[in-house]
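Chemist: Turn this into a model:
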Amino acid sequence: MTARLKHLHSKIITCLLGCLPLILENSGAGQEVPSGHWKRNGLAIERFTINGTGGRNNPLRKPLQSPFSGGEIFVRFNLRYDLRGLDSPPEASGEFFVLWLDENEGTDGSPHAANIPNIGIHVQGNQNRFMIRYNSTNQKFAEPLQGNRDYAIVARLWKSSPEKTEPFDQLSLWIDPEGTQELNPDVSVQNSKSISTLKWIGFATGGKTEIEDQIDLWDIRIAKSWREIMDLPVEPADPNYAPYMEKPPAKKTLSFRQHIHPILSKHCYSCHTGEDAEGGVRLDTLEEVLQHVSLLRHADSQLYKVLINGTMPPEGSSLSSLEIQLIATWIDEGLDWDLDLLPVPIPVSDHWAFQPIKRPTIPTASTLEQSPNAFSRWVSNPIDAFIAAKHATAGLTPNAPADTSTLQRRLSLNLHGLPPQIARQPNAFTIDNMLADPDYGQHFARHWLDIARWAESNGHQHNRDRTHAWRYRDWVISSFANGIPFDQFLREQIAGDELPHSSPSQLIATGFLAAARYSGNELDKQIQRNDILVDITNTTTSAFLGLTFECAQCHSHKFDPISIRDYYRFQAYFISGQPQNLVLRDDENATQLAEKRWDLFKEVEQRLLRTRRKQGYPEPIQVTPTNVVAQMRPDERATFKRLNEQLSSLEQTWGFYSPSTASKRLTVAPHEMRWQLPHDPSLLAKLRGAILIRGDLRSRGPEVRAGWPLVFGAASPEIQTRLKLANWLTDKQNPLTARVWVNRIWQWHFGRGLVETSNDFGTQGKPPSHPGLLDFLASELIEHAWDTQHIQKLILASSTYQLASHDSAKNSRIDPENQLYWRWTPHRLQAEAIRDSILKVSGQLDHRSGGPSDSHDSKRRSIYLTQKRDNLPEQQVLFDSANGIITCARRRTSTTALQPLWLLNSSFIQLAAKKFAERTGNVETAIQTALHREATQDELQLLEQLAKEHGLSSACLAILNSSEFLYIP
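Modeler: As a prediction, this is how the structure comes out:
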C-alpha cells in the first residue's frame, strides 16, 4: 500500500475521547478533571480508530490542562489491532504504534523519540512486541502482539529523585495487569535524560503503520496512583457510617416467645441445653445459637441446613415445613431473642484462680513438726515458711546461702541488669539502695514493656514511626523508679484520659492501650479499628487478668468460663476511643491550631469529594490524605504546612483518647497515615459494641454494653467507662489482678513464676506450685496499698532468694526441675542486659536517661534504642527479646549458632573486648570487674597465657563469653 495516501478509514466505536480525564498538577492524586478538547488532524476522529499512513504521524494528541512535574504518573489505554492489517516480520515490515509523553506538542510529523517516553508496539527480531523506550538504545520489550485481541496497557512514568526539576528517568509497563501486580511490571527501563515536566500526551504511527492497519483505542486515562488507574477501591470519605451487614426488616413478623421457643422446646431442648449439651451445641443461649447461623441469611445457616435435610432431630418427628419456614424467617429477621425467657447464663466455676483471695495461715515450726531452732535458722520471712512447708512434705533439704560476692552479683544483675561495681560504701548493696538506684527503673521497665507489646512503629507492612511513643517508655521507667503503687500504675494506663483533671503524665500512661498495632494500609476503617480493639482487648486481659481471652473472640471459650458475649462486652470499654497523638499542653492556642488544621483539611476534602461526585465516581467516594493535600491550592498548602509545623513543635504523646468519656477535651495532633482512623469525635461517640458472630466484622450480632466477664459478677447497668473497668480490676475483691501481678514479680526475680503459665491462669494453665504463698503475696500487695517494692523486698530478703545454686544428688532425685526451690536456678541474662553489661565492664556505657530513642549503634542502655517492629536491635533478635507485636509474658531462652558467633566476631564485641582490656590492664582486674570475684590460680594461668600469645583483648573476649558472665548466678 502507498504511504502517500492520507485518507483515514474509520469505524465508529464507543466514544470515550470526548470525556477523556487528565490530571492537573495541583489536583488530588488520580483526580479526573475535564480538560480541553483534543487537537486532532484529519487522521483522527473522536470515536476513534486509527489507521496508518506509511509515515510518521501524530493523529491524536492533547495537552494537560496544567503541566505535571510530580514524582510519578500512570497512564492507561485499551488497544485492539485488527488482524487483517497486522504485518508479521520478517515477511513484512512489522508494526509501529506508540503513546508518547512530552513537554511539547510538536507537529503532525514530529517524532517524539529522542529521550521521550514511548509506550506501544515495535518490532523485535521476528515479532511485533509491546515495548517501552526512551530511545533505540534504551528500550525493553514485553510479550508479542496478537491481532483481534483486546489489551489493557498500563505504564508508570516516575522520577527516582522526585524533585520538580529532575527528569522522569524511570518507565515501567504492564500488559493486562491484575490489581495486585503493582510491584511486578512486565518490563522496566531507565534513562538519565528525559523530560522533567509533562504537558502533552499523544499517539503516533510510523513508517511501518500502513493504511490497511486498523488500531482501536478506548478508555484512555491518566492518574497519580496505581489504585486509581486500576479502579481499585480506596478510602471512603466517612467509612464508619457505611453499613457492613444487611439491615433486618424494620418490622419483625415473629416473636421468639410465641413462635420459636415452642419449636425449640419440642424438638431440640431435650438434647441441646446446659453445659453438657450433646455435641457441645447449645440452643438455649443466644450467643451459642449465633454460632450456628448466618444472620439474616437462613439458606447459609447450619441450623437451617440440618433441619431442611432431616439430619436433626435424629430421633422422633421431624419439623414440619411450617416450623422450618418459621426458623428461616426468624434467622432472616435478625434472630429475635427473649432474655426474660432465656436469660444470659451466669457461669459458676470452682477453678482456683476464680476464687476470692484469702490470706492464708503462715506455716510455723509446730505445724511443720520441725524444731524451732532449725526452722528459725532458715526461715527469714513468711516466704521461706511457705517454701519450707513444701520442703518438709517432699523431704528436701535446701542449699546453704550463696557467698556474698555471688549474692551481690545476683542482686545487681536481677535488679539493674548490670554487673555490680566494687562497693565503695558498706551499704551499697542494701535492698533499699538497690531499689532507689536509677538503673532499677531502667531495667525493670523492660519487663513491663514486654507485656505491653510496646514499640515505636505501627507494625504491619508500612510500619510507620510513632515519633512520640518514647514518652510511654519513660513513664514506665519513672513509675518503677518512683515506686508508684500498682493500682495507680494500672488505672492510669487503662483510663488516664478519664481520670479527673488528667495530667500529662496520666495521658502518657495510656500509651499502654495505644501500643496496639495499626495498619495504615487498611482500606476498610471498620476492619482497621476492629484489629486495634482486638489487640487492646487481648493484651489488657492477658496483662492484668492472666486470661486467654482471645479464645472467646470467635466462640465462647472452650475451657474457661468466658463467653463470646463476655469478650465483646469487655471490648466495648474501648469502642469509643482510639490511638492518637495527644498534645500535652492544656493550651487554647494549641486547640485552635489543631482545629484550623482539621478545618482546612476537611474543606479541601469536601471540595475534592464534590468534584469526584460530579465526575461520576461511585459512592462511597474514597480519598487519601495525600489526595487531599495534593488538591490544595498553593496558598492552602502553605497554610497547611505552617499549621503542621506549629503543631509538631508542641509536646505530644502517642496515647489513647475517647472524646466522649475523657475528663476534659484534648487537642489531637495529626498522625499521618495513608488510611487514617476517623477524627470526628461525634462519630466515635456513636460507636456501639456488638457480638461479632464467629469474630467476623460483617456478621454483626446483637449490641452489648460494656462489662467484665459474668463469672466475676455482673457490672452495674449504668454506663461503663474505662475508669470503672480500672477500678474493678484493682478492687480487692477481684480474684486475679493481685495474683497475676505478684506472680510476675516472682518470675522476674526467679526466672519462673509460682504459676509457670503467667499469662494463663485459666483451667488449661499450670496450677501454682505454692498456692498458699501466691495468695499470701497477693494479700500482702493489697494490704500494703499495692506497693510493688514491698513484695520485692520480701522476696530479696528471703532465704529462698539467697540460696546457692549447686546441685544435690538427693534433692535432684526428688525434685529434678527445682519446682520447690531447694536451690537457686541460674538463668541467662536477657538480651538487653547482655549488651548493657558488656558496655559497662568495657567502660563504654552511656548513662544518659530519658528522651527520644537513639540509633542502634548508640552506647546508651538498650531500653533507649529505637524499637521499630520490623527492625529491632540485632542483639535483641539474637537473644530472644520480645517482638513488640503481641504481649510477651515470659521470654524463651534459645541456644543458636548465631549467638556465639555474635559474641565472638561482631564488631560490637570486638570493640568491647579491646576497650575492656584497655580499661583493666590485666587478667586479674578483668575477672574482678566482670565477675565480681577474685580470679582462681587456674584462671589466671590459662588467661594470662592466652593474653601473652594473642593479646589481653583475647583474654577479655573469653571472659565476656563465659557462662558466668552471661548468667545470673
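
Chemist: Roughly how far does Asn138 sit from Ile132?
Modeler: Distance of Asn138 to Ile132, computed by C-beta to C-beta, to the nearest Å: 9 Å. (Glycine included, C-beta is placed from N, CA and C.)

Chemist: And those two? Which one has more around it.
Modeler: Ile132 (28 against 16; other C-beta atoms under 10 Å).

Chemist: Look up phi and psi at the more buried one.
Modeler: phi -130, psi 150 (degrees, to the nearest 10).

Chemist: Could you say whether the nearest residue to Ile745 once chain neighbours are set aside sits in a helix, a strand or coil?
Modeler: The shortest distance from Ile745 to any non-neighbouring residue, by C-beta to C-beta, 6 or more residues apart in numbering, is to Ile791 (5.2 Å). Following DSSP: H, G, I helix; E, B strand; the rest coil, Ile791 is assigned to helix.

Chemist: hmm, back to that, quickly list what's touching both of Asn138 and Ile132.
Modeler: Common neighbours of Asn138 and Ile132, using C-beta atoms under 8 Å, 6 or more residues apart in numbering, are Val189.

Chemist: For Ala142, pull up the helix or strand it's in.
Modeler: Secondary-structure assignment from DSSP states H and E places Ala142 in strand 138-144.

Chemist: Give the other helices and strands that that strand contacts.
Modeler: On a contact count with 3 or more C-beta pairs under 8 Å, 6 or more residues apart in numbering; DSSP states H and E, strand 138-144 meets strand 118-124, strand 127-135, strand 170-175, strand 187-190.

Chemist: which regions of the stretch 701-850 of the chain lie under the pLDDT threshold?
Modeler: Within the stretch 701-850 of the chain, no stretch has pLDDT under 70.

Chemist: so where do the strands sit in it?
Modeler: 827-828 (DSSP state E, counting those that start in this stretch).

Chemist: Over to the stretch 51-200 of the chain?
Modeler: 57-68, 72-81, 97-102, 118-124, 127-135, 138-144, 150-158, 170-175, 187-190, 198-205.

Chemist: Need the three-state assignment for Asp497.
Modeler: Asp497 ends up coil, using three-state DSSP.

Chemist: quick check, distance from stretch 301-311 to the centre of its chain.
Modeler: 40 Å (C-alpha atoms, centre = their mean, to the nearest Å).

Chemist: Can you give the contact residues for it?
Modeler: So stretch 301-311 is contacted by 289, 292-294, 298, 312, 318-319, 324, 327-328, 331 (C-beta under 8 Å, 6+ apart).

Chemist: let's see it at 7 Å
Modeler: 292-294, 298, 312, 318-319, 324, 327-328, 331 (C-beta atoms under 7 Å, 6 or more residues apart in numbering).

Chemist: What subset of those residues is buried?
Modeler: 292-294, 298, 312, 318-319, 324, 327-328, 331 (16 or more other C-beta atoms under 10 Å).

Chemist: if you skip the residues just before and after it, what's nearest to Gln214?
Modeler: Asp82 (3.8 Å).

Chemist: quick revisit: for the strand holding Ala142, which strands pair with it and how are they oriented?
Modeler: strand 127-135 (antiparallel) (DSSP bridges).

Chemist: circling back to that earlier point, so who does the residue nearest to Gln214 touch?
Modeler: Asp82 neighbours (C-beta under 7 Å, 6+ apart): 147-148, 214.

Chemist: Which of those sits closest to Arg642?
Modeler: Distance to Arg642, by C-beta to C-beta, is smallest for Gln214 among the contacts of Asp82, at 55.8 Å.
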